[in-house]
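Engineer: Below is the sequence, then the predicted model.
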Amino acid sequence: MINAIVAGAAGRMGKRIVHMIHQNPGTSLTGAFEAPGHSSVGEDAGVVAGVGDLGVKISDSLEAVIEKGDVVIDFTAPQATLRNMKIVAAQGRAAMVIGTTGIKGEMLEAAEVLARGMRCVMAPNMSVGVNVMFKIAGEMARILGADYDMEILEVHHRLKKDAPSGTAMRLAQILADATDRDLEKVGVYERKGMIGERTDEEIGIQVWRAGDITGEHTVMFGGIGERLELIHRAHNRDNFARGAVRAALWVMKQPEGLYDMQDVLGLK
């Protein structure tokens, strides 16, 4: 039995992760926390998640619960995740599963250094289907090459804070790597006005935000006379939560190091 702690336990993702931990016979919720001052601090995490009383109160810090768990599952925000990683690294025993998006630049470099000193799965998307999409997108890009224009469209709910999504950026990097391109030079994130003809090298990454859309990603390969589209649509957040629990069970059997969902699923 794996004892799990959930960061942001009262959030949209946190509640679904609590639900999936409760549903999985191999995992048990032993800790939960939120930011200090959150209205759900002190409440039962199971009640907040809609699965009934689990006897686990939501704390206001990771420090208060870290000794209760084997793994911390974190889908919060970049700065909060980095703080939690430092706490886990200092404790030296717990593992982490990180699905937080928007970690980039110097913050990503710091997170990767911390992750290598523990057992950690860090991925922009924990969905099994999306990770299969990552694998297939790279293979398609290698086969089709420069003869096909490559475009990515991602669509999310109106409350999402980062853009493009971490999943879209991962897809863009996969396409760039598969075709020996530098994404920093060929990524195009906005088109307006008299922009001229599309270049052969560019990879377009475009964003829509509307309503309560959980998440959709489309990779389009546009050739002359035909196009291929690779599409993933998330109907709810359960697929991300289910993947996170799967990653938690997997990482507990691994040596220290930084892993992603491709490792968890054996796709490398």
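Structural biologist: Now that the structure is in, tell me what you want to look at. Numbers count the residues shown, from 1 in each chain.
Engineer: quick one, strands of the stretch 151-268 of the chain?
Structural biologist: Remark: strands assigned in the stretch 151-268 of the chain by DSSP state E, counting those that start in this stretch are 187-188, 203-209, 215-222, 227-234, 257-259.
Engineer: For the second one, which helices and strands make contact with it?
Structural biologist: Going back to what we said before, that points to strand 203-209. Here strand 203-209 touches strand 149-156, helix 166-178, strand 187-188, going by 3 or more CB pairs under 8 Å, 6 or more residues apart in numbering; DSSP states H and E. To be clear about C-beta, it is placed using only N, CA and C from the backbone, and glycine gets the same treatment.
Engineer: Would you convert those into a markdown table that also reports distance to residue 74, mean neighbour count and mean pLDDT?
Structural biologist: Putting the helices and strands packed on strand 203-209 into a markdown table (distance: least, CB to CB, whole Å; neighbours: other CB atoms under 10 Å; pLDDT from 0 to 100) gives the following:
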| stretch | distance to residue 74 | mean neighbour count | mean pLDDT |
| --- | --- | --- | --- |
| strand 149-156 | 20 | 23 | 98 |
| helix 166-178 | 14 | 22 | 96 |
| strand 187-188 | 27 | 18 | 97 |
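Engineer: give me phi/psi at the residue nearest to residue 243 when sequence neighbours are not counted?
Structural biologist: Excluding the flanking residues, the one nearest residue 243 by CB to CB, 6 or more residues apart in numbering is residue 126, at 3.4 Å. In terms of degrees, to the nearest 10, the main-chain angles of residue 126 are phi -90, psi 0.
Engineer: Could you check how many residues crowd around residue 126?
Structural biologist: 27 (other CB atoms under 10 Å).
Engineer: how about it, what does it touch?
Structural biologist: Residues in contact with residue 126 (CB atoms under 8 Å, 6 or more residues apart in numbering) are 97, 99, 239-244, 246-247, 261.
Engineer: relative orientation of the longest helix anywhere in the chain and strand 203-209 in degrees?
Structural biologist: Ranked by residue count and defined by DSSP state H, the top helix of the chain is helix 128-144. If you take axes from the mean of the first three to the mean of the last three CA atoms, to 10 degrees, helix 128-144 sits at 150 degrees to strand 203-209.
Engineer: looking just at contacts, which helices and strands does helix 128-144 meet?
Structural biologist: helix 166-178, strand 215-222, strand 227-234, helix 238-251, helix 261-264.
Engineer: if I look at the residue nearest to residue 243, how far off is residue 32?
Structural biologist: 18 Å (CB to CB, to the nearest Å).
Engineer: Nearest to residue 103, out of the strands of the stretch 151-268 of the chain?
Structural biologist: strand 257-259 (12.6 Å; CB to CB).
Engineer: centre of the chain versus the closest one, how much separation?
Structural biologist: For strand 257-259, the separation from the chain centroid amounts to 15 Å (computed by CA atoms, centre = their mean, to the nearest Å).
Engineer: ok, and for that strand, which residues are buried?
Structural biologist: Going by neighbour count (16 or more other CB atoms under 10 Å), the buried part of strand 257-259 is 258-259.
Engineer: Pairing partners for that strand, with directions?
Structural biologist: Strand 257-259 has the following strand partners under DSSP bridges: strand 119-122 (parallel).
Engineer: Quick one: mean pLDDT over the strand it pairs with.
Structural biologist: For strand 119-122, mean pLDDT rounds to 98.
Engineer: export it as CSV, just CAs?
Structural biologist: Extracted in CSV, the C-alpha atoms of strand 119-122 (Å, rounded to 0.1, in the frame of the first residue of the first chain):
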residue,chain,number,x,y,z
ARG,A,119,12.3,9.7,-7.0
CYS,A,120,10.2,12.0,-9.1
VAL,A,121,7.9,11.8,-12.1
MET,A,122,7.4,15.2,-13.7
